[in-house]
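Peer 1: Quick one, fold the following:
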Amino acid sequence: MTAVDTPRRIPVRRSQTRRAAWWLLSSHLYMAAWFWGIILVLTVVATFVFRANGLGTRDDGTAASVVSMGTQAAMWFSFAMAIALSLRQLAAHLAAGLTRRSFVRANLVTVVGMAAVYSLVMVVLLVVESLVIDAAGWRARTVAGVTFDGVADAPRMFLVYLLVFATAAVAGLVVGMAYHRLGGLWGTVALIPAIPPLFLVMMLLVDRGSSGWLPSALDGEAARMLLTAAIAAVYAVVYQASMRRVTV
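Peer 2: Sure thing, here's the model as predicted:
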């Protein structure tokens, strides 16, 4: 009787980019869960306090969205997490013999993916807020001074939030690399040229005339969004260039 050879299973190896992105994504999601949990609690409390006391009411009788007041907090949090988590993983990534190119790709994929997560959460909260306000019979709620239709305007709001959060996160990668290569002092000095384009994005997509920094998603001017996407692309190119000869 002859023995039948069973085929050996060849282990499937994940690409370097996928391995790095998985760790980065899990870390980002963990921090985001804490951030949005806190934002949710503050939003619920602030909504009832504002409505009970008539705060945030405009001259025309409408009230600004409480949820959308968290736009700037979410933007700067994604910026800070991009700095911290990319630097935390860099040494381990290179020490494991993985390439710089895979690290760059993993970070870019992760921060854009997290920008989509942040945008989705913001839009869902806006829709829920809209439903609560309608059910309670409160005054109409506005985003960037325009009455917001929770369902019809959600896709456009998502796109604007995606651009804002993604640009902030990619800018964070650039600043983080500046800190790594130049040290604390000169890394801080590098903020001077790195941050102004981010403020330009806020001026392009955010209405400062409203209560807080609110995205003007109801403004259909596509040129603003295209310019914002171009700024994010420039940040990505600068980040990739700064990673080429980085050491740990």
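
Peer 1: going forward, measure contacts between C-alpha atoms and count neighbours the same way
Peer 2: Fine.

Peer 1: Could you pull up the mean pLDDT of stretch 50-61?
Peer 2: Across stretch 50-61, pLDDT averages out at 60.

Peer 1: what's downstream of the strand or helix carrying residue 157, the next helix or strand?
Peer 2: Here residue 157 sits within helix 154-189, counting by DSSP states H and E. Going down the chain from helix 154-189, the next helix or strand is helix 191-194, by DSSP H and E.

Peer 1: Point out the other helices and strands that the following helix or strand past that next one packs with.
Peer 2: Taking DSSP H and E as the definition, the helix or strand that follows helix 191-194 towards the C-terminus is helix 196-205. With contacts defined as 3 or more Cα pairs under 8 Å, 6 or more residues apart in numbering; DSSP states H and E, helix 196-205 has these neighbours: helix 154-189, helix 222-242.

Peer 1: Compile the ones you listed into JSON lines and extend it with columns for mean pLDDT.
Peer 2: Below are the helices and strands packed on helix 196-205 laid out as JSON lines (pLDDT from 0 to 100):
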{"stretch": "helix 154-189", "mean pLDDT": "85"}
{"stretch": "helix 222-242", "mean pLDDT": "85"}
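
Peer 1: mind putting these in TSV, mean neighbour count included?
Peer 2: What follows is the helices and strands packed on helix 196-205, written out as TSV (neighbours: other Cα atoms under 10 Å):
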stretch	mean neighbour count
helix 154-189	22
helix 222-242	17
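
Peer 1: Distance to residue 198 for those helices - can I get that in CSV?
Peer 2: Formatted as CSV, the entries for the helices and strands packed on helix 196-205 read as follows, by distance: least, Cα to Cα, whole Å:
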stretch, distance to residue 198
helix 154-189, 7
helix 222-242, 8
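
Peer 1: Which one of these lies nearest to residue 71?
Peer 2: With distances scored as Cα to Cα, the stretch of the helices and strands packed on helix 196-205 nearest to residue 71 is helix 154-189 (8.1 Å).

Peer 1: quick one on the thing from earlier: quick check: angle from the helix holding residue 157 to helix 196-205?
Peer 2: For the pair helix 154-189 and helix 196-205, the angle between their directions (axes from the mean of the first three to the mean of the last three Cα atoms, to 10 degrees) equals 160 degrees.

Peer 1: Flag the shaky bits of the protein, pLDDT-wise.
Peer 2: In the prediction, the chain carries residues with pLDDT under 70 at positions 1-14, 51-64, 136-152, 204-221, 246-248.

Peer 1: go again using 50 as the cut-off
Peer 2: Per-residue confidence of the chain (counting by pLDDT under 50) places the weak regions at 1, 10-12, 145-146, 208-214, 217-219.
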